[in-house]
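Participant: model this:
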Amino acid sequence: PTHYQITWWPGSSPDREVNSASTPEDFALLKGLAPATAYTVVVEARCEQRQEDGGGTVIPAAAAEPPHRRAAAAAQKPRPSWWPGTPLLSAAPRSSASAARAAAGATAGELQVLELMPDATRALIENLRERTDYSVRVCAVTEEALQSLPPRHPARQARKLPADLSELAGLVDSAWMPAAHLLATTSGTLAPGRIRLAGLTDQAVKLRWQPPSVTGSNRLRGQVVRWAEVPDSARPAARASDWDGPSAADYVSLDPKDSKVTLEGLRPGTKYRIVVEAVVSVKTALDPSADGATAEEELRNRRTAHVSSDPAFVRTRCHVAQPRPMVAAVKPDSVLLHWERPYALAVVRPEQASERRYVRCHIEGYRLEINGKPYVSLRPDAQTCRLVKCRPGKLYSIVLVAVSQTDAAKKEARRLRKSRGSEQEQQICLYPDEPDETFSEPVEVRVPGGQLAAIREISAEFHLPDGDEAGGAGVGEVRLRWTLDDEFQGQMKQFNVTWSTDREAARAQRRVLDAAANSAALECSERGAVVTARLEALLTRETREPIVQQVQLTTPGPPAAPQIFLDAMSDREIVVEWSEPALFGGVGVAGYQLLVNGKAAGEPLEPTHRRAVIPCRASRHYRVQLVALSAHRDFPDSPPSAPLFVSTYPNMPAVSEAPPPDFADAEAEGDALAGDLSEIPLTVSARTDSTLTVEWMACQPPDGIHSFALQWSSPAQPAERTETLAHQERSCLLQNLLPGTVYSLRLSALDSNRAVVEKSRALRAQTCAPIDTPLLRLRACNFSYIAVHWTEPRHYGDAAVAGYKVFINGVVEETLGAGETSYTYCKGRWCQDYSFQ
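Facilitator: Numbers count the residues shown, from 1 in each chain. Down below sits the predicted model:
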């Protein structure tokens, strides 16, 4: 032929961008091509000279035909990763080449070379990475390509390709070294990721995540979500042998396209480890002859793999006991609320003693919501709140929200704050931003106004009877006071007062008062009970309905029995924990006393203690109890907690609620009873800032008592001092004591040889001192009012807060009760300075 006509266009149909060129050579360089685009090339051999005889056929000579599979692709910056499965890439050159090579980039910019035989039609490229794009080029190296090299080129003399193909850069575009390009992606699985929290309750967790994806020959069969409990340091397992690690993980199977799940039946306040697994079928045979295999053979050439996500940790919520707000006083423009501190120890699965868990919570604060909207946030120690600027005659729905956090979650949050820069911690810890919230039942109260304006004010307060001693029969009385509007002074017929306690709601008491009455003393025979007092005003006109108002309060009482549980144990010590018991009517806890086998173990503990270590011996049984000591002298200590039977025998349960079969409980009870009967009753009858009067009037010592020895010490003066008294003495005055100091007292009865015959329990007593100054803080300041609040000041000995006087600019503005810790001033003027004291 005299020349060749080359025509090329993108794609398979010549409908756009058709180009052509003519050349007398047997090769051509096509320029201006688009990257990553397949082109169709047609070469025509033409001869322009005239042929005289018509029976000849002309066949033009051409260079070696390139490989049959022509493809071009471009990949920029391939993303490497590893996958053990290897893809099968093949190329079939048709030329009579002496050698063939296949190259693949293992990483970005890295070139790997595989040398093949001239008659090879396929190649196996191994050690590739998962889900990675590879640019593969199959070159047919011909004899003419080597001959075109310089005469002294090492490859031309050795008749083989050099190890570094960069030396043959000049032959890349040579017609004697044709090549085919292809872009191939290895098989792989993208694990589920981005696990995030969609919902959280006490016993359920709702999760969302990015579903997995597969490439190549991998097939996604489904998903599995697994979760297992992660134990905290505080757990009821006593010995290492009792704890074998987390139990077998629970799981749930899902469809391949699912991206959310709700895990139910979880334990409150428990930390869980959650993973999402992709169930993938992976091809193991890369033989091309297996492509047309049967379903059974195809199954034999595959295996099932589980590709797991990164573990995510989540802690379920745990709520404290439901708070109970009570209306203590109502005025035309304000409502006084009060409540008791909720019990902050949650018992998980209490019906199963072997699986029982105790979760200790901390009250972080309170939030008061009025008619569904947040009204104010309060401190953790707040127990009263006054609603101000109320509209007369309007009905208010009040909800108290206790904001709490578990002890383990609080420690975990503190640890996360310290490692705030760690991405790993931020990715795997799915903790909500807001703490746990426990909502009370709504309390509805209507402020006096309109028809209810007849009773302008109503309040209730508790008072102890005069001369009442601790342990006496009298409990106290609730004094109900009310004020009538001037317009209704002559329209009252009578008042009906009804009151009852929450423990005996069916046994309500009723009293009828005349129209001139404005107060009533309601007897109460129960301590630590909620008293509901209902005032009904009857008008002289029968057509008018009675006017009713209701208030509530809690009568003071001793602390409830604390709940104690085992935290850890060894052959030498027992570690127990507890939470603050339920308190009633402002009676606090002065400390805690541990009882081991019915007897006091050590000195009383501080009221802030929540953990105690008890020495023990191996192969022994112990009965552990706890008593909360009352902080009010008119109220006794709490009852002992439920007994906790602890065994240090290696083959017995560490803790149980019932005594072991060989536990000599009868002897222990007998010894404890005998000890109680023979103990010297020691009390403090009077105290000042520097003296304590100690009495033991009810002591009936046995014969042979020669003298008494009174011992006392304090943290400020730890050296124990002793005062020896005659056997007929029944009191002692300790002088020159430090004010506001807690002293530990113990009385012993001695015989003639100064041997101890009887002794009292350790008694803690505090000398008097002036009450600390309240710490006043500004809560809110706006155009309508100024709100201040303060913490209850610390008091010492017999001193107690009787009330507060609020001074504004040096003038007494209002006198408040002892239980109130906030005040709102609504009479101020704009841009004026006010000084609060």
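Participant: If you rank every helix and strand of the chain by mean pLDDT, what lands last?
Facilitator: strand 88-89 (a mean of 29; mean pLDDT, DSSP states H and E).
Participant: tell me the domain boundaries of the chain?
Facilitator: Using automatic domain parsing, the domain parsing of the chain gives 3-46, 88-185, 188-315, 322-447, 450-555, 564-664, 683-766, 776-825.
Participant: low-confidence ranges in the stretch 551-700 of the chain?
Facilitator: Within the stretch 551-700 of the chain, the ranges that satisfy pLDDT under 70 run 661-678.
Participant: just the stretch 301-450 of the chain next, same as before
Facilitator: 350-355, 419-428, 431, 433, 450.
Participant: Tell me where it has strands.
Facilitator: 302-308, 312-315, 326-330, 335-338, 345-348, 357-370, 373-378, 384-387, 395-406, 436-439, 443-446 (DSSP state E, counting those that start in this stretch).
Participant: Give the pairing partners of the fifth one; include direction for each.
Facilitator: Put plainly, it is strand 345-348. Neighbouring strands of strand 345-348 in its sheet, by DSSP bridges, are strand 357-370 (antiparallel).
Participant: Buried residues in stretch 200-218, which are they?
Facilitator: 200, 202, 205, 207, 209, 211-212, 214-218 (16 or more other Cβ atoms under 10 Å). (Each C-beta comes from the backbone N, C-alpha and C, glycine too.)
Participant: With stretch 592-605 instead?
Facilitator: 592-598, 604-605.
Participant: So what touches it?
Facilitator: With contacts defined as Cβ atoms under 8 Å, 6 or more residues apart in numbering, stretch 592-605 is touched by 562, 576, 578, 590-591, 606-607, 609, 612, 614, 622-629, 637, 640, 668-669, 671-672, 675, 744, 761-762, 764.
Participant: Based on its surroundings, how many neighbours for the nearest residue to Q717 once chain neighbours are set aside?
Facilitator: Once flanking residues are discounted, Q717 sits nearest to L738: 7.4 Å by Cβ to Cβ, 6 or more residues apart in numbering. Neighbour count for L738, taken as other Cβ atoms under 10 Å: 15.
Participant: Likewise for the one 5 residues further on?
Facilitator: Using other Cβ under 10 Å, Y743 has 23 neighbouring residues.
Participant: returning to what we had before: between the domains of the chain, which one is closest to D833.
Facilitator: Among these, domain 776-825 comes nearest to D833, with 8.5 Å by Cβ to Cβ.
Participant: Next, the distance between the ends of that closest one.
Facilitator: 14 Å (Cα to Cα, to the nearest Å).
Participant: what's the distance between it and the middle of its chain?
Facilitator: On the basis of Cα atoms, centre = their mean, to the nearest Å, domain 776-825 sits 35 Å off its chain's mean C-alpha point.
Participant: quick check: mean pLDDT across it?
Facilitator: Averaged across domain 776-825, pLDDT comes to 86.
Participant: how about the helices in this protein?
Facilitator: 143-147, 154-158, 295-300, 407-418, 423-428, 665-678 (DSSP state H).
Participant: and the strands of the stretch 301-450 of the chain as a markdown table, adding distance to R456 and mean neighbour count?
Facilitator: Shown next, in a markdown table, are those (distance: least, Cβ to Cβ, whole Å; neighbours: other Cβ atoms under 10 Å):
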| stretch | distance to R456 | mean neighbour count |
| --- | --- | --- |
| strand 302-308 | 69 | 15 |
| strand 312-315 | 50 | 21 |
| strand 326-330 | 9 | 22 |
| strand 335-338 | 13 | 21 |
| strand 345-348 | 43 | 18 |
| strand 357-370 | 21 | 19 |
| strand 373-378 | 23 | 14 |
| strand 384-387 | 16 | 20 |
| strand 395-406 | 17 | 20 |
| strand 436-439 | 31 | 18 |
| strand 443-446 | 13 | 16 |
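Participant: Distance to L149 added to those strands, as CSV?
Facilitator: Shown next, in CSV, are the strands of the stretch 301-450 of the chain (distance: least, Cβ to Cβ, whole Å):
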stretch, distance to L149
strand 302-308, 48
strand 312-315, 61
strand 326-330, 101
strand 335-338, 98
strand 345-348, 81
strand 357-370, 80
strand 373-378, 85
strand 384-387, 95
strand 395-406, 78
strand 436-439, 79
strand 443-446, 98
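Participant: G797: which of those is closest?
Facilitator: strand 384-387 (24.3 Å).
Participant: Now do that closest one: everything it contacts.
Facilitator: By Cβ under 8 Å, 6+ apart, strand 384-387 touches 328, 334-339, 368, 370, 375-376, 378, 396, 398, 819-824.
Participant: OK, contacts around the residue nearest to Q717?
Facilitator: Going by Cβ under 8 Å, 6+ apart, the list of residues near L738 reads 690, 714, 716-717, 767.
Participant: one more time with 7 Å
Facilitator: For L738, the contact set (Cβ atoms under 7 Å, 6 or more residues apart in numbering) comprises 714, 716, 767.
Participant: Which of the residues you listed are buried? Put it as a ChimeraX command.
Facilitator: This is how ChimeraX selects the buried members of the contacts of L738, with burial counted by 16+ other Cβ under 10 Å:
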select :714,767
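Participant: Same list (the contacts of L738) but as TSV, adding distance to E17.
Facilitator: Formatted as TSV, the contacts of L738 follow (distance: Cβ to Cβ, whole Å):
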residue	distance to E17
S714	101
A716	99
T767	104
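Participant: Report the lowest-confidence entry in the contacts of L738.
Facilitator: Lowest pLDDT among these: A716, 76.
Participant: how far away is that one from L737?
Facilitator: Counting by Cβ to Cβ, to the nearest Å, the separation of A716 from L737 is 10 Å.
Participant: One more: I6?
Facilitator: 115 Å.
Participant: and those two? which has more neighbours close in?
Facilitator: Neighbour totals were compared for I6 and L737, and L737 leads with 22 against 16 (other Cβ under 10 Å).
Participant: Isn't that one up against T767?
Facilitator: Yes - L737 is within contact range of T767, at 5.2 Å (criterion: Cβ atoms under 7 Å).
Participant: what's the most distant pair in the buried residues of stretch 200-218?
Facilitator: For the buried residues of stretch 200-218, the farthest-apart pair by Cβ to Cβ is D202 and S217; their separation is 45.2 Å.
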